[in-house]
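Engineer: Model the following, please.
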Amino acid sequence: MSTFAVVNCSELVTLAGPARPRVGAEMRELGVIRDGAMIVREGVITHVGSRHEIDLPAEIIDAGNRVVMPGFIDAHTHPVFAGNRADEFEKRISGATYQEISAAGGGIRSTVRKTRAAPEDELFAAASRYAQWFLRGGTTTIEAKSGYGLSLDAELKMLRVIHRMGPLRAVPTFLGAHEIPDEYRDRREEYIALVIDEMLPAAKPMAEFCDIFCEPHVFSIDEARRILCAAKAHGYKLRMHVDQLANSGGAQLAAELGAITADHLEHTEAPGIGAMRDAGVQPVLLPGSVYALGSKRYPDARAMIEAGLAVVLATDFNPGSSPTPSMQMILSLASTQMKMTSAESLTAATINAAYSLQRGAEIGSLEPGKRADFVIHDCTDHRELAYFFGIQSAQAVYVGGASVA
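Structural biologist: Numbers count the residues shown, from 1 in each chain. Next comes the predicted model:
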């Protein structure tokens, strides 16, 4: 259908508002239209309003008195990898820590070995399977990181797979500084030089963002500064894994370098929150990894919202520390563990996430001129999305006006 209307919406959750990320009380303003309707032409939204305000075209999609809202935008994922780490999950249940498993050669390096060995088409088949998981859960756009290659050829292989993903929208991020690979364990300066001198220039045509895992036992503050300054010189926009395992000043470094986002932030305290606010860095909070690792220390979402930060929620989907593509699970954790309201969580998972990917003018809300990425959820009240957990409420999923799930 080139032109159609979506009608009989119990709530049309538009997220309409200012052309920027939402902060403070704005995060609770969802722009809900009861008995709403929306017209889509050639994959773009042209009209939004109440049913009685809109002249309907011949083609109609009846939402069945359900909630209609933008597709979730998952702004932190690692969707390209070979194998899984169910064995390490068992070890953590038995008492081993994430850091102990990594020091013994597991963790990220375990997935690196499998991913390097896998042919590109095998990785694509696995990533396509995960893409369907995202879509069936109501996610229409993801930020997709490399980082399980840690060699020039393997990182480029991963980025090629990301570019092949669809109809799920995928925004590519280069994460060559995810870990020090096995063969460089005693030559970390050589690996850093490889990332700076070879990987960054080679990956730039295929990646918008550069990310790094900045932690004391992975890449230090000084090492992260060197790598990310080089990335900026090549034209990358910056994202950072910071303060997940310790408060090492990663949030302040993100502010210093003008990163678009600082992600994780479980141990970030008031100085880091203030620095991010002053620099306009968006925090991307990943409660799924806290839950899956059993670490119990969640980011201080309330302090960040009250400080005026444009908070984002994401799954951190990956084979080790957060093996979930479910944004509904993340909404539930945000409410129960971080005391975010349902409205704040939906804002963080849609329009704020879109701005963190530099896509706020295109997706993240249901407004005229934006792409018709929307979901019909099997509920009548948007608060049910966080209230019911362990289910997939998405009844129908549309990307660019086309039905995909």
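
Engineer: Look up how far Met340 lies from the residue lying closest to Thr341 once chain neighbours are set aside.
Structural biologist: Nearest-residue entry for Thr341: Arg28, 6.1 Å, with adjacent residues in sequence omitted and distances by C-beta to C-beta, 6 or more residues apart in numbering. No exception for glycine: its C-beta is placed from N, CA and C like everyone else's. Arg28 sits at a distance of 10 Å from Met340 (criterion: C-beta to C-beta, to the nearest Å).

Engineer: now swap in Ala193 and tell me
Structural biologist: Ala193 is 42 Å from Met340, by C-beta to C-beta.

Engineer: Those two: which has the busier surroundings?
Structural biologist: A side-by-side neighbour count of Ala193 and Met340, using other C-beta atoms under 10 Å, places Met340 first with 27 against 12.

Engineer: contacting residues for the more buried one?
Structural biologist: For Met340, the contacting residues are Ala301, Arg302, Ile305, Val311, Leu313, Ala334, Ala348, by C-beta atoms under 8 Å, 6 or more residues apart in numbering.

Engineer: is it true that the last one touches Ile330?
Structural biologist: If I follow you right, that is Ala348. No - with contacts counted by C-beta atoms under 8 Å, Ala348 stays clear of Ile330, the gap being 9.1 Å.

Engineer: shared neighbours, these two?
Structural biologist: Counting by C-beta under 8 Å, 6+ apart, the residues touching both Ala348 and Ile330 are Leu313.

Engineer: What is the neighbour count of Tyr191?
Structural biologist: Tyr191 has 21 neighbouring residues, counting by other C-beta under 10 Å.

Engineer: Can you classify it by secondary structure?
Structural biologist: Applying DSSP: H, G, I helix; E, B strand; the rest coil to Tyr191 yields a three-state assignment of helix.

Engineer: picking that back up, which PyMOL command selects the buried ones in the contacts of Met340?
Structural biologist: Typed into PyMOL, the line below selects the buried ones among the contacts of Met340, using 16 or more other C-beta atoms under 10 Å:
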select buried, resi 301+305+311+313+334+348
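
Engineer: Let's have the contacts of Met340 in JSON lines, adding secondary structure.
Structural biologist: JSON lines is the format used below for the contacts of Met340 (three-state DSSP):
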{"residue": "Ala301", "secondary structure": "helix"}
{"residue": "Arg302", "secondary structure": "helix"}
{"residue": "Ile305", "secondary structure": "helix"}
{"residue": "Val311", "secondary structure": "coil"}
{"residue": "Leu313", "secondary structure": "strand"}
{"residue": "Ala334", "secondary structure": "helix"}
{"residue": "Ala348", "secondary structure": "helix"}
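
Engineer: Show me which of the contacts of Met340 is closest to Ile60.
Structural biologist: Comparing the contacts of Met340 against Ile60 with C-beta to C-beta places Ala348 closest, at 32.0 Å.

Engineer: Could I get the pLDDT score of the residue most central in space within the chain?
Structural biologist: In the chain, the C-alpha closest to the average C-alpha coordinate belongs to Ala75, at a distance of 2.0 Å (C-alpha atoms, centre = their mean). In this model, Ala75 is scored at 99, pLDDT.

Engineer: would it count as being in a helix?
Structural biologist: No - judged by three-state DSSP, Ala75 forms no part of a helix; its state is strand.

Engineer: Wait, it touches Ser356, no?
Structural biologist: Yes - checked against C-beta under 8 Å, the pair Ala75 and Ser356 is within contact range at 4.9 Å.

Engineer: what's the overlap in contacts for these two?
Structural biologist: Joint contacts of Ala75 and Ser356 (C-beta under 8 Å, 6+ apart) are Glu143, Thr261, Val284, Val312.

Engineer: Turn these into JSON lines, including pLDDT.
Structural biologist: Listed next are the shared contacts of Ala75 and Ser356 as JSON lines, based on pLDDT from 0 to 100:
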{"residue": "Glu143", "pLDDT": "99"}
{"residue": "Thr261", "pLDDT": "99"}
{"residue": "Val284", "pLDDT": "99"}
{"residue": "Val312", "pLDDT": "99"}
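
Engineer: So which of the residues you listed are in strands?
Structural biologist: Mapping those onto strands (DSSP state E) picks out Glu143, Thr261, Val284, Val312.

Engineer: For this protein, which helix or strand comes out least confident on mean pLDDT?
Structural biologist: Lowest on mean pLDDT, DSSP states H and E among the helices and strands of the chain sits helix 98-103, with a mean of 82.

Engineer: now that helix, how far from the centre of its chain.
Structural biologist: Computed by C-alpha atoms, centre = their mean, to the nearest Å, the chain-centroid distance of helix 98-103 equals 24 Å.

Engineer: Buried residues of it, list them for me.
Structural biologist: Quick answer for helix 98-103 (16+ other C-beta under 10 Å): Tyr98, Ile101, Ser102.

Engineer: Please report the residue range of the longest helix in the chain.
Structural biologist: Ranked by number of residues, the top helix in the chain under DSSP state H is helix 120-136.

Engineer: which strands and helices sit next to that helix?
Structural biologist: Packing partners of helix 120-136 (3 or more C-beta pairs under 8 Å, 6 or more residues apart in numbering; DSSP states H and E): helix 152-164, strand 394-399.

Engineer: Would you map the helices across the stretch 301-405 of the chain?
Structural biologist: Per DSSP state H, counting those that start in this stretch, the stretch 301-405 of the chain carries helices over the ranges 301-306, 327-338, 342-348, 351-356, 384-387.

Engineer: Mind putting the ones you listed into JSON lines with distance to Arg109 and mean pLDDT?
Structural biologist: JSON lines is the format used below for those (distance: least, C-beta to C-beta, whole Å; pLDDT from 0 to 100):
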{"stretch": "helix 301-306", "distance to Arg109": "31", "mean pLDDT": "98"}
{"stretch": "helix 327-338", "distance to Arg109": "27", "mean pLDDT": "98"}
{"stretch": "helix 342-348", "distance to Arg109": "32", "mean pLDDT": "98"}
{"stretch": "helix 351-356", "distance to Arg109": "28", "mean pLDDT": "99"}
{"stretch": "helix 384-387", "distance to Arg109": "35", "mean pLDDT": "98"}
